[in-house]
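Engineer: What shape does this take:
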Amino acid sequence: MANWYTADTHFGHENIIPACGRPFRHAGHMDSVLIEKMWEVVQEDDDLWIIGDFAFGPKAKDAEYLNILFSQLPGVRKHLIVGNHDLAPTLTLPWDSIAHLTDVQEGPDGLRHTLCHYPMITWNGARKGSLQLFGHVHNNWQGSRNAVNVGVDQWDFMPVSFGQVVERADRLSVNAHWKDVEHFHLL
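Structural biologist: Modelled structure (predicted):
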């Protein structure tokens, strides 16, 4: 069993294609490619974490569309970290968990890492090396050494493993405001 993370799928959202420069002909094409890419990495017994903005636009209000889409998601358990566009009926889908913020234990260090749709400057465990995984900002910012954007616009429209998040975090610079909020511990 593994955890896979993604954010900002915006299923059914036509306007996200030009807004973020996504290489899709239309929302139906985007939806198909996103689902296919999920199936490339997420195995039958894995957990899939959608860190906000599952669907948006008129289709996000169509319960039948959302149920069909949800039934195509891979993984044994599906979790939603609520984003600014996650409204009913998305919230009524049969998610295994729904939260605005949660911690997931990952990695050899046994740390609990924080998942929130919005990038944060600090969180529980940040001084001890806990990472934050977020979305919301699409292709505007990859993140920093301790907070990584797992949105589809940053990862070739694929969910990512925690190992991939750690590799990217190691290459990113320290958040310029880290010393303002966590001056007792420098990365």
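
Engineer: For this protein, which segments count as strands?
Structural biologist: Taking DSSP state E as the criterion, the chain contains strands spanning 3-6, 47-50, 77-81, 97-99, 101-105, 112-116, 132-134, 143-144, 147-149.

Engineer: Can you tell me the strand partners of the fifth one and which way each runs?
Structural biologist: For strand 101-105, sheet partners with direction are given as strand 112-116 (antiparallel), following DSSP bridges.

Engineer: what about the strand it pairs with, average pLDDT?
Structural biologist: For strand 112-116, mean pLDDT rounds to 96.

Engineer: Pull that strand out as CSV, backbone CA atoms only.
Structural biologist: Listed next in CSV are the C-alpha coordinates belonging to strand 112-116 (Å, rounded to 0.1, in the frame of the first residue of the first chain):
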residue,chain,number,x,y,z
ARG,A,112,3.5,13.2,10.3
HIS,A,113,3.3,15.5,7.3
THR,A,114,0.6,18.1,6.8
LEU,A,115,-1.8,18.2,3.9
CYS,A,116,-3.7,21.4,3.2
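
Engineer: List the contacts of that strand.
Structural biologist: Here strand 112-116 makes contact (Cβ atoms under 8 Å, 6 or more residues apart in numbering) with 5, 49, 51, 81, 100-107, 120, 123-125, 130-134, 162. Every C-beta, even on glycine, is put in place using the N, C-alpha and C of the backbone.

Engineer: Could you tell me which of these count as buried?
Structural biologist: Among those, those classed as buried by 16 or more other Cβ atoms under 10 Å are 5, 49, 51, 81, 102-104, 106-107, 123, 130-134, 162.

Engineer: now, which of those sits nearest residue 15?
Structural biologist: Using Cβ to Cβ, residue 51 comes nearest to residue 15 of the buried ones among the contacts of strand 112-116, at 20.7 Å.

Engineer: hang on, isn't the closest one packed against residue 152?
Structural biologist: No: counting by Cβ atoms under 8 Å, residue 51 does not reach residue 152; the two are 10.5 Å apart.

Engineer: okay, and the common contacts of the two?
Structural biologist: 6, 7.

Engineer: Now do the helices for this protein: every range, in order, please.
Structural biologist: With DSSP state H, the ranges of helices along the chain come out as 16-20, 27-41, 63-71, 162-171, 178-181.

Engineer: least reliable of these going by mean pLDDT?
Structural biologist: Mean pLDDT per stretch puts helix 178-181 lowest among the helices of the chain, at a mean of 84.
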